[in-house]
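[1] Sharing a sequence plus its predicted fold:
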Amino acid sequence: MTALEARCRWLLRAYPAWYRRQRGDEMLGTLMEASPADRRWPSPRDIWAMMVGGLRVRAGQHRRLSTPANLRLAGLLGVALALLWLIGQNLSSAIMFWAHVYPAATPSNLGYQAAASLLALAAVVAAWFAPWPVVAVPALAGAVLWVYSGDRIMASQPAGLLILLVILTAGRDRMPRPWLGLAGLLFACTVLEQSTAAPSLYFLYTPLVFAPWVVLGAVILWAAVDARPAVAMAIYLASNYVIFTLIGYAGYGGGPAAAWEWYLPIAGVAVLGGCALWRLRRQAVL
């Protein structure tokens, strides 16, 4: 096998396995014929065409579903992302307290919150791989423990998200496995961001804070072939900003009412969600 053929075969992985089984040999032959014999790499034009074609084929698989089914999957991903953000914050804070990185005394309920976070993490992972009862048991247990372990107003967000997770996983269709990459990236950014409380790592804090916004930009571009992750990101952002805006507006904990700057991200989320829903409706079957 030549270096060109090996790289062309690697490029074919942009397409799903079933598509490669049906048309892989034909596409490989076309690529090889279009490339001069002395080349070691496909041309930039061929690389771009293969990558875009693979993305379109992968995204086109969701067009078999109705708009409500795609909305359920998008909502499920959004709930999973919002939960992973909360879980990442809780678990990394617990590690930092137990490692004595934070100077304050360790909260007495930290163990309960860490246990609730682990149950929630198990439920989120199960939403991709396991049957509905396997999702429901750790999700509901985590919701109860989360409410029991801390302030009930603050716990309403993770508990509500876990209940939504249980409801949304009751459908037949499951989330695509490639979405795990998006979920894992945001979870890793959250954990690393919290870990930059250590002085030696503080220089990483700013880029990690903005990392979810970079992901959001990529997801908006991805909406050209699959709008569901954009809908999910709108839900993720709304879950983060709305809860804190409401808490600030109510002056919870003696804090001031929410400043006007809080409403700009919410307006942006509304625009993102509306555009993504419009795009999703055009991409799905009735």
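    Received the coordinates, thanks.
[2] hey, let's count contacts and neighbours off CA atoms from now on
    OK.
[3] Show me the shaky parts of the stretch 51-200 of the chain.
    For the stretch 51-200 of the chain, the stretches flagged by pLDDT under 70 are 59-63, 197-200.
[4] Find the centremost residue of the chain, please.
    When the chain is reduced to its mean C-alpha position, the nearest residue by Cα atoms, centre = their mean turns out to be A183, at 3.3 Å.
[5] Surely that one and V79 touch.
    No: using Cα atoms under 8 Å, A183 and V79 do not qualify as a contacting pair, with a distance of 10.5 Å.
[6] Going along the chain, name the helices of the protein.
    Along the chain, the stretches classed as helices by DSSP state H are 3-11, 17-34, 44-60, 67-98, 110-129, 132-149, 152-168, 179-195, 205-222, 228-249, 263-283.
[7] May I see the ones you listed organised as a markdown table, with distance to A104 added?
    Formatted as a markdown table, those follow (distance: least, Cα to Cα, whole Å):
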| stretch | distance to A104 |
| --- | --- |
| helix 3-11 | 51 |
| helix 17-34 | 52 |
| helix 44-60 | 48 |
| helix 67-98 | 8 |
| helix 110-129 | 13 |
| helix 132-149 | 19 |
| helix 152-168 | 20 |
| helix 179-195 | 15 |
| helix 205-222 | 20 |
| helix 228-249 | 24 |
| helix 263-283 | 32 |
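[8] Was I right to think L204 contacts Q194?
    No: shown here, L204 and Q194 do not form a contact pair, counting by Cα under 8 Å, at 10.2 Å.
[9] More neighbours: the two, which one.
    Under the neighbour definition other Cα atoms under 10 Å, L204 and Q194 were set side by side, and Q194 has more, 21 against 14.
[10] how many neighbours does P103 have?
    Counted with other Cα under 10 Å, the burial measure for P103 works out to 8 neighbours.
[11] any idea how far it is from L204?
    P103 sits at a distance of 20 Å from L204 (criterion: Cα to Cα, to the nearest Å).
[12] check contacts around R40.
    Contacts for R40 were tallied using Cα atoms under 8 Å, 6 or more residues apart in numbering; they are A3, L4.
[13] any idea of the pLDDT on it?
    Reported pLDDT at R40 in the predicted model: 77.
[14] go on, L264?
    Checking the pLDDT column for L264, the value is 69.
[15] And for F244?
    Taken from the predicted model, the pLDDT recorded for F244 is 61.
[16] Ok, Y249 next?
    Y249 is assigned a pLDDT of 51 by the prediction.
[17] swap in the one 4 residues further on?
    The confidence metric pLDDT takes the value 47 at G253.
[18] repeat for G274
    So, for G274, pLDDT stands at 88.
[19] start the count at 25, not 1, going forward
    All set: I'll call the first residue 25, so the last point we hit is now G298.
[20] what's the distance between it and V255?
    The span separating G298 from V255 equals 8 Å under the rule Cα to Cα.
[21] Which one of these two is surrounded by more residues?
    Between G298 and V255, counting by other Cα under 10 Å, V255 is the more crowded of the two (30 against 14).
[22] Spit out the contact partners of the more buried one.
    Under the criterion of Cα under 8 Å, 6+ apart, the contact partners of V255 comprise A98, G99, G102, L296, G297, A300, L301.
[23] Only the buried residues of stretch 91-111, if you could.
    Taking 16 or more other Cα atoms under 10 Å as the basis for neighbour counts, the residues of stretch 91-111 that come out buried are 91, 93-111.
[24] One more: stretch 230-248?
    Of all the residues in stretch 230-248, those buried under the rule 16+ other Cα under 10 Å are L232, A235, P236, L240, V243, I244, W246, A247.
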